[in-house]
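# Attaching a predicted model along with its sequence, questions to come.
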Amino acid sequence: MTGHPHQHHATRAAQALTTARQRLDQAVTREAAERRAEARITAAASAIQAWRPIPGPTGKGGHGDPASRAAVGTLEPDVRDGRLARLAASTTATLTWLADNLDRRSPEASFGMDPLARIQALTTRLRPSTARELARWLDEADHHIRQTLHLDPPGQPIPGIRCPRCARRQLTAHTHGPRPTWTITCTSDCVCIGPACPCTMTTTTAGVPHIWGDGHPLTSHLTRSAA
């Protein structure tokens, strides 16, 4: 994957968010099952209440209303979306809006595609300024999901290899997508200073966090290690 560092960051962020959304979908399924079980317990308690004897002269020691008992016995509890389901829905809604605004193809061409998959297919064709803003939003959404689910940050640390810019051993590999999209970032908060930067990025860009994509010796080494 060749291109501008902002495009690399947009691709990296999309891959990270893809993984986070998968974990969120699993959590939503568990949440729905738990909420349904709780609702059934509540419904069962209501059924027991309907069967309780009615004290006093009116009840004559009999049991509750048969019609109420029948209604409760056949009721499938109404389960509303929980916190995680609402987070998943709002994230998908925003991704759909972003995909619709970034993807200029006809609606039929992208029908049925996940909005994040549509976005990820576009990242290398976006203008650098657009890719920069997209990466920021994707990173924020990813961080929110990971913080909510108590997940580790995306990427895998690379031990023993120094950053070409700051010389610290704080590089992270991002390898969740196809190999041509793999990237490496430095997590020591060092940023490119422009053409004079010793970072060896293909396109030096002042202010961008360092990222190295396909074809750079760092990622080539990563690919060889994974072979």
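Structure received. Numbering: from 1, shown residues only.

# Report the secondary structure state of residue 112.
coil (DSSP: H, G, I helix; E, B strand; the rest coil).

# From residue 18, how far out is it?
The spacing between residue 112 and residue 18, counted by CB to CB, to the nearest Å, is 17 Å. Quick note: C-beta positions are derived from backbone N, CA and C, even for glycine.

# Which one's more surrounded, these two?
residue 18 (19 against 5; other CB atoms under 10 Å).

# helix or strand for that one, which one?
Assessed by DSSP states H and E, residue 18 sits inside helix 5-51.

# and that helix, what does it pack onto?
In this structure, helix 5-51 packs against helix 66-74, helix 83-102, helix 115-122, helix 128-149, strand 171-174, strand 183-186, strand 211-212, with contacts taken as 3 or more CB pairs under 8 Å, 6 or more residues apart in numbering; DSSP states H and E.

# Wait, residue 98 touches residue 134, no?
Yes: the criterion here is CB atoms under 8 Å, and residue 98 meets it with residue 134 at 7.1 Å.

# Need the residues touching each of these two.
Listed as contacting both residue 98 and residue 134 by CB atoms under 8 Å, 6 or more residues apart in numbering are residue 119.

# who has more neighbours, those two?
Remark: of residue 98 and residue 134, residue 134 carries more neighbours, 23 against 19, as counted by other CB under 10 Å.

# which ones are touching that one?
By CB under 8 Å, 6+ apart, the contact list for residue 134 reads 10, 13, 98, 102, 119, 123, 126.

# Next: residue 11.
1, 120, 123, 124, 177, 181, 183.

# I'd say the second one and residue 19 touch.
No: contact criterion CB under 8 Å: residue 120 and residue 19 do not qualify, at 11.9 Å.

# between those two, who's got more neighbours?
Ranked by neighbour count (other CB under 10 Å), residue 120 and residue 19 place residue 120 first, with 21 against 16.

# if I look at that one, how far off is residue 141?
13 Å.

# most packed of the helices and strands packed on helix 5-51?
Ranked by mean neighbour count under mean count of other CB atoms under 10 Å, the helices and strands packed on helix 5-51 are led by strand 211-212, which reaches a mean of 26.

# Can you name every helix or strand that it contacts?
Taking 3+ CB pairs under 8 Å, 6+ apart as the contact cut, strand 211-212 packs with helix 5-51, strand 183-186.

# rerun that using 10 Å as the cut-off
Helices and strands touching strand 211-212, as assessed by 3 or more CB pairs under 10 Å, 6 or more residues apart in numbering; DSSP states H and E, comprise helix 5-51, strand 171-174, strand 183-186, helix 217-226.

# where does the protein have low pLDDT?
1-2, 42-78, 105-111, 222-227 (pLDDT under 70).

# got any residues that touch both of residue 120 and residue 141?
13, 17 (CB atoms under 10 Å, 6 or more residues apart in numbering).

# ok, back up a step: of all the helices and strands packed on strand 211-212, which one comes closest to residue 208?
helix 5-51 (4.6 Å; CB to CB).

# From the chain's centroid, how far away is the closest one?
Chain-centre distance of helix 5-51: 12 Å, with CA atoms, centre = their mean, to the nearest Å.

# Thank you, goodbye.
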